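Enquirer: any chance you could fold what I've pasted below:
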Amino acid sequence: MKLNIYSSVLKAETNFRYMIFANCISRFGDSVDAIAYSWMVYQLTGSKAWLTVILGVNMIPTVLFQPFLGGFTEYCNKKKIIVMCDISRGCVVLATCMLLFLHVIRPWHLLVLTFINSSIEALRIPNGTAILPQILKQEYYKTAISLDQGVRRTAELAGTGCAGIIVGCIGMEGALFVDVVTFLVSGLLLSFLKIEDRKEENKIFQFHSYMESLKEGAVYFKKSNLAVMACIICVMLNLCTLPIENLQAAYISEYLKLDVFAMSAGGTAVTAGMICGSLVLPIISQKILEKQLLVHGGIFIGIIYFIYILLGIIPSTEGRYISYFIAAFFFGTVNSMIGVTVQIIFVSRTPKEFIGRISGIFNALACSSMPVGSFLLAGLSLILSIRELYLLMGFFSIIVFLLFGQSKEIMLLDRV
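Expert: Take a look at the predicted model:
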């Protein structure tokens, strides 16, 4: 796999260039927002439990709404939907920004606004997935998805690297406003997509046909062993990475005894690793079976937890910074390889007419572990220390993926 394959996709697919640029802009804003939002929640509440509860609420709309909203992709103009969703999410973040600026924000405000924002995203995701076959040729799927993920992560790297500086210079309100602007710019760029109007987008909505469409999609998903297995892997991956992602602020502040700039450094490292993992995946997948990549990657995530625990005994502040950066980089690399592999499997193996419906079901099931895991983690964080939680999750991750390696079903994923 040579670098010129990436350039050939960009030259051949004009619409994909608009989409990848829009994704780049929005991910930059989101990465700045993620640091500011996490730090804001922790500073506002002083509670590890609140960090996990917020993420749990963030996942609820995906689980509840996406299976049903996925069916609407057959009746919607997908371009208009994703543009409207980006603008709407920008407005929700603007509301959060204003409440913070006026010093009237409360934890319950964050719960409500997070739920609204995630509900809008639950509509955007299946439409964003279903539009891919309209802007990409099938032979470009693997390369384009890897490139898209690499560009997204590069934007995250830039945003995360700037987050500490942005928060320090213009405050959390300013960081949130950056995300508002990027949402609006993303919506504007996506409005330039030139997509041929499809007949299914002109279909008149009828409840009976809609329910039949949902049923048809559910039956297909149930019969697809590949889709079910990929979904199970996503569920386990979400559970295994949850403490690292949810408790980053608490881990850095309480365990490593570092400040918000360490969050920015760690986020930068994770993102850099995800860029690396996304871009080298097409090369590695030619030499390593997907089964080996998924199983060994999951085991390595378990080992990362033990490494994170060891970082706390490093005496010097500089040593903890550097070691945390390195460990976070490898975590991001492996996490990205697993996630992008599963995404490629889904898009390339699912019939075009089912992608919208199946993506709703797939994402809902895959993300169902997030709110459950978040609330469970919130409870555990009240009785266990960061060290004890990471030790527990390290053993859990290794055991889960070792069991995956022994299953016959995972052989379905040996070829993409």
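Enquirer: centroid residue for the protein?
Expert: Centroid-nearest residue in the chain, with CA atoms, centre = their mean: Gly339, separated by 8.9 Å.
Enquirer: in contact with Gln248, which residues?
Expert: With contacts defined as CB atoms under 8 Å, 6 or more residues apart in numbering, Gln248 is in contact with 38, 263, 266-267. Quick note: C-beta positions are derived from backbone N, CA and C, even for glycine.
Enquirer: ah, wrong one, I meant Thr182
Expert: 25-26, 28-30, 90.
Enquirer: beyond the helix or strand hosting Val9, next helix or strand please.
Expert: Assessed by DSSP states H and E, Val9 sits inside helix 3-12. Toward the C-terminus, helix 3-12 is succeeded by helix 14-45 as the next helix or strand (DSSP H and E).
Enquirer: what helices or strands is that following helix leaning on?
Expert: Here helix 14-45 touches helix 3-12, helix 48-69, helix 78-101, helix 107-130, helix 132-135, helix 141-190, helix 248-250, helix 260-284, going by 3 or more CB pairs under 8 Å, 6 or more residues apart in numbering; DSSP states H and E.
Enquirer: list the buried residues of that helix.
Expert: By 16 or more other CB atoms under 10 Å, the buried positions in helix 14-45 come out as 15-42, 44-45.
Enquirer: starting at the chain centroid, how far to that helix?
Expert: Computed by CA atoms, centre = their mean, to the nearest Å, the chain-centroid distance of helix 14-45 equals 11 Å.
Enquirer: tell me the angle it makes with helix 141-190.
Expert: Calculated by axes from the mean of the first three to the mean of the last three CA atoms, to 10 degrees, helix 14-45 forms an angle of 80 degrees with helix 141-190.
Enquirer: in which helix or strand would I find the closest residue to Leu311 other than its chain neighbours?
Expert: Once flanking residues are discounted, Leu311 sits nearest to Ser323: 5.1 Å by CB to CB, 6 or more residues apart in numbering. Under the criterion of DSSP H and E, Ser323 resides in helix 317-349.
Enquirer: pLDDT on that helix, on average?
Expert: For helix 317-349, mean pLDDT is 83.
Enquirer: what's the answer for stretch 148-162, then?
Expert: Confidence for stretch 148-162, expressed as mean pLDDT, is 76.
Enquirer: give me the contact list for it.
Expert: By CB under 8 Å, 6+ apart, stretch 148-162 touches 19-20, 23-25, 27-32, 34-35, 264, 267-268, 270-272, 274-275, 278-279, 332, 336, 339-340, 343.
Enquirer: send over stretch 89-108 as PDB, restricted to the C-alpha atoms.
Expert: Only the C-alpha atoms of stretch 89-108 are listed here, as PDB (Å, rounded to 0.1, in the frame of the first residue of the first chain):
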ATOM      1  CA  ARG A  89     -25.100  20.800  17.400                       C
ATOM      2  CA  GLY A  90     -23.200  24.000  17.100                       C
ATOM      3  CA  CYS A  91     -26.200  25.800  18.600                       C
ATOM      4  CA  VAL A  92     -26.400  23.400  21.500                       C
ATOM      5  CA  VAL A  93     -22.700  23.900  22.300                       C
ATOM      6  CA  LEU A  94     -23.300  27.700  22.100                       C
ATOM      7  CA  ALA A  95     -26.000  27.400  24.700                       C
ATOM      8  CA  THR A  96     -23.500  25.600  27.000                       C
ATOM      9  CA  CYS A  97     -20.900  28.300  26.300                       C
ATOM     10  CA  MET A  98     -23.400  31.100  27.200                       C
ATOM     11  CA  LEU A  99     -24.400  29.400  30.500                       C
ATOM     12  CA  LEU A 100     -20.800  29.000  31.500                       C
ATOM     13  CA  PHE A 101     -20.000  32.600  30.500                       C
ATOM     14  CA  LEU A 102     -22.900  33.900  32.700                       C
ATOM     15  CA  HIS A 103     -21.800  31.700  35.600                       C
ATOM     16  CA  VAL A 104     -25.100  30.000  36.000                       C
ATOM     17  CA  ILE A 105     -24.300  26.600  34.700                       C
ATOM     18  CA  ARG A 106     -25.100  23.600  36.900                       C
ATOM     19  CA  PRO A 107     -24.500  19.900  36.600                       C
ATOM     20  CA  TRP A 108     -28.000  19.200  35.500                       C
END
